[in-house]
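Q: Here's my sequence, what's the structure:
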Amino acid sequence: ISLLEPPVPAATVQWRFNNAVVNVASPSRLSLSSDLLSLTVSSIDRVDVGQYEVTVSNAVTSASRTFSLEVNVPPVFVAANLMTYAIEGEAVTLFTGLERSPFPALADSDVVWYHNGTEVATSTALSLSNGRRNLTISMATRANSGSYTVNISHVTGAITRQHSLTVLSLPAIRRPLNATLTVNQSEDVALLCEASAFPKTDLAWMYSGQVVSSPQGVTSVFEQSSLLIVSSLMMSLTSIQFDQRGVYDCTASVSNMRGTFSQTTYTDVIVQVPPTVQVVSSTAEILVGSSATYSINVTDPVFPAPVISWTGPFGLISADDIEYSLSSGSTELTVLNGQRSDSGNYRVTISNAAGVAMETFMLVVFVTPAILQPVDSSTVEANVTNPVLISCVATAFPEPSLSWFLDSSSTTLLSTGQPHSRINVTNMAVYDAATLLYSVTSSLYVSDLTDGDRGMYRCMSDLSVLGMNVAVSSSLQLDVLVPPTLSTSQLVVHSIAGDNVSLTVSTVGPVFPALRRENIIWRSSDSGLAITSSNRVSISAGAMQLTVSNLVRSDSGNYTVTAVNRGGSGSLTISLTVFAEPTVLSPTNQSVVAVNASNQLIINCTATSWPEAKFLFLYNDSVLAKPNVSIQAVFDADTLMFTSSALFSQNSLSFSDRGSYACEAYVTVPLLTRNLTDLTHITVIVQVKPTLMSSVP
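A: Numbering: from 1, shown residues only. As a prediction, the model looks like this:
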């Protein structure tokens, strides 16, 4: 401002910004002239927008002037990479990239986008957002590539920025599409690999991980309709061999600003080769029951896998025929358990799409010994002291021999009278015209069996044929059954109520078969019921021991144990007596009895026990030699206990008879050789009347 004339008296000047006093003392963008009439704002910004008021005043008057400041902000682009690369199908956004929001704010009409010089029109695939500052392509195509220009108009001036968008197309193989090609060996094969991409793709044929094509063979053309470059690579295989079969991979790869991308498809080349056959092994003659094996090799290479079939005397052989065994690849046939009817011709035929090969074999089967009876590992049972007859039947041609052996020793030959006089062996042979075989029966008779006769008995049949000795055998288990005999060291057991007792038995001599726990039963002879484990009763040691815990009087009685096996049974009875320790019921221990001198002392001692208790009376811990005592006892059938009473009396007590008396009840346990006792003490006080004596001085 300026003043029309100097004020008198001198005036003061004050500046205010939005009603706040302007402070220029501290560092700021505000400064005042020396006369304070001029205010300068440096580097104005939107924060400086508002009302500036200056007031000049003196003692006479004051005057004010108000200034309004508005600040326009021009649009400014930030530094950015203006080259964008997108992959076909991706969404891509081009940003205007303003450094700050301009003022006044931009209207939508102030921002205009151009693609290759043509104004951009929005669609479902192309949209403008953020006040038309951002251009988004939802799914980029090759046609979206090019130059994008954004023009911004503003009151402060216009600015323009140009973006470059390149849409890349990844390799897409058109041929082959994971195909299979079947050819014959020695044919010429041509494989074509064709792919499109942008920019140009590199092509290569791969086999077993190695490149087998030349990059110089790739040809490329631009396809206007798709805006893509189509490349082709042809590979030739002249006179292809079987070892050239397999998967040939066509790989298309592109390296661009976004990275390296590739796609691979394949052609599976199948080379067919006809089969040829090599005989590995063949059997002309076998023994009956043996196996004959015919084995071939299909000479490599051969493809596709051939079909192998076998025929025999009864026609086509399948894997389900139980008389034969075919290997998983059918290159080996085994005639199982050969019989006479298996003799004849066997032919193998190998065929595939390329050809057929055959081989023929001859089989002759000889009959060898076969034991029909007894069945191997079977069992015969007989009770001790009884006789037993065991038969062995074998068939063969010619007639075989039959022998019996103890299986524990193959050298112990059994014959009549050997190895002891209780053995008798007889053999008989019969020719069977229907089977064309000899049937030989050997009978082994053993009388008066003992436990030592138990064991394995082996029947052996042998025959010499085809320059070898063929022997077969069958074993039989002879079980000599021996019933159990029980024994114990304690047929009569004495124990005390509250104690634990174990009743134990054992077997005497051999027992066969061995006793099983469930076949050993304990019973109470009084009830006849089987005893099982409970809170106080346990059965252990293979059921050979019965333990009763915390005995009570009712546990007394007879206990019978019975053991059973297939040979019979044995039993034993043990008598258990439970003694009850005496318990003195009266008088109460440490009781006190007062008796006048010259009167009679009576102590009635009562105790429970089993059997009935006997009594001792003591005076000052010494047993009274001949006390005056009468005893009686009563049996209680409910508690199974005796209640015994002993009446002690002593006449004409004197003062010297005072002191400690005791009643001891006792029971004698014969097998424990000790007494069971209980003792109660009574203190006897003898009361004496005072006697006065006169004295004459």
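
Q: Could you export the helix or strand that Leu165 is a member of as PDB, CA atoms only?
A: Applying DSSP states H and E as the criterion places Leu165 in strand 159-175. C-alpha atoms of strand 159-175 as PDB (Å, rounded to 0.1, in the frame of the first residue of the first chain):
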ATOM      1  CA  ILE A 159       0.800 -30.600 -21.300                       C
ATOM      2  CA  THR A 160       1.300 -33.800 -23.300                       C
ATOM      3  CA  ARG A 161       2.800 -37.300 -22.500                       C
ATOM      4  CA  GLN A 162       3.400 -40.200 -24.800                       C
ATOM      5  CA  HIS A 163       3.400 -43.900 -23.600                       C
ATOM      6  CA  SER A 164       4.600 -46.900 -25.600                       C
ATOM      7  CA  LEU A 165       2.700 -50.300 -25.100                       C
ATOM      8  CA  THR A 166       4.000 -53.500 -26.500                       C
ATOM      9  CA  VAL A 167       1.700 -56.600 -26.200                       C
ATOM     10  CA  LEU A 168       3.800 -59.800 -26.200                       C
ATOM     11  CA  SER A 169       2.400 -63.100 -27.400                       C
ATOM     12  CA  LEU A 170       3.700 -66.300 -25.700                       C
ATOM     13  CA  PRO A 171       4.700 -69.300 -27.800                       C
ATOM     14  CA  ALA A 172       1.700 -71.400 -28.900                       C
ATOM     15  CA  ILE A 173       2.600 -74.700 -30.700                       C
ATOM     16  CA  ARG A 174       0.200 -75.500 -33.500                       C
ATOM     17  CA  ARG A 175       1.800 -78.800 -34.500                       C
END
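
Q: continuing past that strand, what's the next helix or strand?
A: Immediately after strand 159-175, counting by DSSP H and E, sits strand 179-184.

Q: Return the list of helices and strands in contact with whatever helix or strand comes next after that next one.
A: Using DSSP H and E, the helix or strand that follows strand 179-184 in sequence is strand 189-198. If you count contacts as 3 or more C-beta pairs under 8 Å, 6 or more residues apart in numbering; DSSP states H and E, strand 189-198 packs onto strand 159-175, strand 179-184, strand 202-207, strand 228-237, strand 246-256, strand 259-272. For glycine as for every other residue, the C-beta is placed from the backbone atoms N, C-alpha and C.

Q: make it 7 Å
A: Strand 189-198 sits against strand 159-175, strand 202-207, strand 228-237, strand 246-256, with contacts defined as 3 or more C-beta pairs under 7 Å, 6 or more residues apart in numbering; DSSP states H and E.

Q: Return the backbone torsion pair for Leu515.
A: Torsion angles at Leu515 (phi, psi; degrees, to the nearest 10) stand at phi -70, psi 140.

Q: Model confidence at it, what's the number?
A: With respect to pLDDT, Leu515 scores 92.

Q: Count residues in the vicinity of it, would you?
A: 19 (other C-beta atoms under 10 Å).

Q: separation between it and Leu503?
A: Leu515 sits 17 Å away from Leu503, taking C-beta to C-beta, to the nearest Å as the criterion.

Q: what do you get for Ser129?
A: Taking C-beta to C-beta as the measure, Ser129 falls 101 Å from Leu503.

Q: what do you get for Phe222?
A: 110 Å.

Q: neighbour-wise, which of the two wins?
A: Taking other C-beta under 10 Å, Phe222 and Leu503 do not tie; Leu503 has more neighbours (19 against 11).

Q: What helix or strand is the nearest residue to the more buried one once chain neighbours are set aside located in?
A: Nearest non-adjacent residue to Leu503, counting by C-beta to C-beta, 6 or more residues apart in numbering: Leu546, 4.6 Å away. Leu546 belongs to strand 545-548 when assigned by DSSP H and E.

Q: which strands and helices sit next to that strand?
A: When contacts are defined as 3+ C-beta pairs under 7 Å, 6+ apart, strand 545-548 packs onto strand 501-504, strand 537-540.

Q: What's the first helix or strand after the first one?
A: What it means is strand 501-504. Using DSSP H and E, the next helix or strand after strand 501-504 towards the C-terminus is strand 506-507.

Q: Helix or strand next in line after that next one, which one?
A: Moving toward the C-terminus from strand 506-507, the first helix or strand encountered (DSSP H and E) is strand 520-524.

Q: contacting residues around Ser591?
A: Ile682 (C-beta atoms under 7 Å, 6 or more residues apart in numbering).
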